[in-house]
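Participant: next come a sequence and a model predicted from it.
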Amino acid sequence: MKKYFLWLGLLLISRLVPAQTIITGRVVSNDKVGVPGLSVLAHPKYKPDRIVSFSFTDAKGVFRIEFSSKDDSVGISVKSLTHRDTTICIANRNQELNFVLPVQNHEIREVTVNARAIT
């Protein structure tokens with residue numbers, strides 16, 4: 001009888017916890033060469049400032065991002081200082097994505113650092 005309640009409890013708990021979504025893929029430039037060091041972010045569809053998970057591309061431009069979300073779709077953003085930022089909306093399921101990002105340098109405004117001298 002205890003085993004029955006244990007299995008029933010595990011079954012109910014597994015239904016309450018959302019499934020883990022795994023997105024894999026590759027980011028390449030216009031010349032089809034993998035781009036390393038880009039940020040890959042997962043966020044709710046209409047809330048790009050609320051990051052659910054993130055990853056970075058490796059030396060070959062490959063990334064893997066895992067997250068849990070109850071939403072039916074999510075946004076995936078690829079950001080860099082050397083390439084155009086790109087955001088797409090996808091179904092919330094395991095899948096493979098490939099991005100082709102054109103080169104676009106982002107200029108950063110001048111920054112002044114005021115610090116006390118170290119004594």
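Facilitator: Looks like it arrived, so ask away.
Participant: can we go C-alpha only for contacts and neighbour counts from here?
Facilitator: OK.
Participant: and the contacts of the strand ranked longest in the chain?
Facilitator: As assigned by DSSP state E, the longest strand anywhere in the chain is strand 20-29. Counting by CA atoms under 8 Å, 6 or more residues apart in numbering, strand 20-29 makes contact with 34-35, 57, 60-69, 92-103, all of which sit outside it.
Participant: just the buried ones from these?
Facilitator: Among the contacts of strand 20-29, those buried by neighbour count (16 or more other CA atoms under 10 Å) are 34-35, 57, 61-65, 67, 69, 92, 99-101.
Participant: for residue 84, see how far away residue 104 is.
Facilitator: Summarising the geometry, the distance separating residue 104 from residue 84, computed by CA to CA, to the nearest Å, is 5 Å.
Participant: okay, these two: which has more neighbours?
Facilitator: Taking neighbours as other CA atoms under 10 Å, residue 104 and residue 84 compare with residue 84 leading, 17 against 12.
Participant: quick one: contacts for the more buried one?
Facilitator: Contacts were defined as CA under 8 Å, 6+ apart; by that measure residue 84 touches 101-105.
Participant: one more time with 7 Å
Facilitator: Residue 84 makes contacts with 101-104, as judged by CA atoms under 7 Å, 6 or more residues apart in numbering.
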